[in-house]
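S.K.: Just need the structure, nothing else, for what follows:
(chains A, B, C and D)
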There are 2 protein chains.
Amino acid sequence: MENLSILLVEDHRQLAQTVLEYLEQQGATVDYAGNTRLARELVQEHHYDLMLLDVMLPGEDGYSFCRYLRKDLALDMPVIFMTARDQLEDKLQGFDRGGDDYIVKPFALPELAARASALVRRQRREVTANTLKVADLELDPGRQEVRRQGQLLKLSPTAFRILRILMRESPRVVSREQLEHELWGDLVPDSDALRSHLYNLRKAVDKPFGQTLLNTLPGVGFSIQSQEIAE
Amino acid sequence: MENLSILLVEDHRQLAQTVLEYLEQQGATVDYAGNTRLARELVQEHHYDLMLLDVMLPGEDGYSFCRYLRKDLALDMPVIFMTARDQLEDKLQGFDRGGDDYIVKPFALPELAARASALVRRQRREVTANTLKVADLELDPGRQEVRRQGQLLKLSPTAFRILRILMRESPRVVSREQLEHELWGDLVPDSDALRSHLYNLRKAVDKPFGQTLLNTLPGVGFSIQSQEIAE
DNA sequence: AGAATCTTGACGGCTTCTTGACGGTGGAAA
DNA sequence: TTTCCACCGTCAAGAAGCCGTCAAGATTCT
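M.R.: Residues are numbered from 1 along each chain as shown, chains lettered A, B, ... in the order given. You can find the predicted model right below:
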């Protein structure tokens, strides 16, 4: 639960409060929306590692909202449905709309947390410590080693973590916000420290090799992939 | 379930048979092991998209086997525990050992199938459709890339967003109001900035290629589609 | 405690994006 | 024909975001 950022969408105040407090106590940062209107806004403005989604909501229901996320916004964050409906048909619908898990109320909070962690672990490819590869770059999370063209690079711990995130998401673009949150949680350094780390990372990973792998997309984020020049 | 290859590890013959038949009927290929000794062999020789793992097995139990998979073999296939044990402690242990889901017997077969599919979908990152296509134009939201005739285009973030909305709605027409609202919410720029962006978009998307995809319907809105000459 | 390493904050400079302004076009209606 | 309207092309100024650099403070190791 360390530093996860979670969006909780649930109209039942009491339950929302309970869940929110538990998750925050476990170290997560939780945003809360009582309806999908607010949820839509939040989801467009921030990155979340996970969404907890009630099915019965005022106005648009959770199923519909989930499908909107997947289809229209193309967001692939893990979604856990939380609902009192325990009929098979309901569950099937939840998975069909793009949900990742379905937990029936009342549930034990630690079970919710365990399912959430399992999903994030899978999403972040942390199930095993397998080597990540992008082009001629290799990162071994177990040994804490990075090589390019077989040559061992020397990286600081933070630079290593940044590279690991970018490599596991490659060739996807990672927003500055997501990077900062995953690195520091709520305690993002005042000044723009990420840049210094990226600077060091480029110096170690790209500069000695000519070919650029670490790219900036202004206003969007960063990505690791073989550069292709757009016209 | 189409063409999934699944390993079922379960010592209870009757249940194993039922599950196996159901899954094969759904189009999966299922290998079966009644104990972890055989499962170890199978897992080293074949690739599986998913494993269904009983907890109580003769000899080594499922938890231990799962950990062995993750730690020693570094296999990251999704694992669903299937067991009669419904205590919180048991579930937590399942997730702790690297399991992805935990389903309590007796369960509905369609639910098992739905959970299995959801996990494979997540593992393969197929949660969202990753590219939008209209004629010879392709947009990849993950990479933040747009190609026409396979050639990479350079777009500003706003131009990219506009194109994404139009392609998502294609071949429908999107009104100016809808576009502006989705781009800026309530804070629509004073002057008519949308036009400048459309101008840039046309310059990048249409101009170099001759054929016009981005059309204006005066008084109605905009759409992306192959031009059709109305009579 | 001392040394080595890492993280952070600060600065100036650069690139890219967004916006607002100007004038032009073409069709429909008066 | 003239006028109006909605949209188009262009572009430059200002805003926003990013970069390289480096040294001081913080942390960790020996």
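S.K.: which residues does residue A:15 contact?
M.R.: residue A:105 (CB atoms under 8 Å, 6 or more residues apart in numbering or on different chains). C-betas here are computed from N, CA, C, even on glycine.
S.K.: Pull out the buried positions in the helix or strand harbouring it.
M.R.: Here residue A:15 sits within helix A:13-25, counting by DSSP states H and E. By neighbour count, and taking 16 or more other CB atoms under 10 Å in any protein chain shown as the criterion, the buried residues in helix A:13-25 are A:15, A:16, A:19, A:20, A:22, A:23.
S.K.: what's residue A:139 sitting at in phi/psi?
M.R.: With angles defined as degrees, to the nearest 10, residue A:139 sits at phi -130, psi 130.
S.K.: typed the wrong thing, it's residue A:79
M.R.: The phi/psi pair for residue A:79 (degrees, to the nearest 10) reads phi -130, psi 130.
S.K.: what's the answer for residue A:182, then?
M.R.: The phi/psi pair for residue A:182 (degrees, to the nearest 10) is phi -70, psi -30.
S.K.: Tell me, how many residues neighbour the closest residue to it other than its chain neighbours?
M.R.: Excluding the flanking residues, the one nearest residue A:182 by CB to CB, 6 or more residues apart in numbering or on different chains is residue A:165, at 6.0 Å. Close neighbours of residue A:165, defined as other CB atoms under 10 Å in any protein chain shown, add up to 18.
S.K.: Does residue A:165 touch residue A:173 like I think?
M.R.: No. Under the criterion of CB atoms under 8 Å, residue A:165 is not in contact with residue A:173, lying 11.7 Å apart.
S.K.: relative to helix B:109-123, how tilted is the helix of greatest length in chain A?
M.R.: If you go by DSSP state H, chain A has its longest helix at helix A:109-123. Per axes from the mean of the first three to the mean of the last three CA atoms, to 10 degrees, the angle that helix A:109-123 makes with helix B:109-123 is 50 degrees.
S.K.: Show me what secondary structure element comes after helix A:109-123.
M.R.: Helix A:109-123 is succeeded, C-terminally, by strand A:132-134 (DSSP H and E).
S.K.: which secondary structure elements does that next one contact?
M.R.: On a contact count with 3 or more CB pairs under 8 Å, 6 or more residues apart in numbering or on different chains; DSSP states H and E, strand A:132-134 meets strand A:137-140, helix A:157-169.
S.K.: how about those, which one is nearest DNA strand D?
M.R.: helix A:157-169 (8.7 Å; CB to the nearest atom of the strand).
S.K.: helices or strands up against the closest one?
M.R.: Taking 3+ CB pairs under 8 Å, 6+ apart as the contact cut, helix A:157-169 packs with strand A:132-134, strand A:137-140, helix A:176-184, helix A:193-205, strand A:221-224.
S.K.: could these be laid out in JSON lines, adding distance to DNA strand D and mean neighbour count?
M.R.: Shown next, in JSON lines, are those (distance: least, CB to the nearest atom of the strand, whole Å; neighbours: other CB atoms under 10 Å in any protein chain shown):
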{"stretch": "strand A:132-134", "distance to DNA strand D": "18", "mean neighbour count": "17"}
{"stretch": "strand A:137-140", "distance to DNA strand D": "18", "mean neighbour count": "19"}
{"stretch": "helix A:176-184", "distance to DNA strand D": "5", "mean neighbour count": "18"}
{"stretch": "helix A:193-205", "distance to DNA strand D": "3", "mean neighbour count": "16"}
{"stretch": "strand A:221-224", "distance to DNA strand D": "7", "mean neighbour count": "23"}
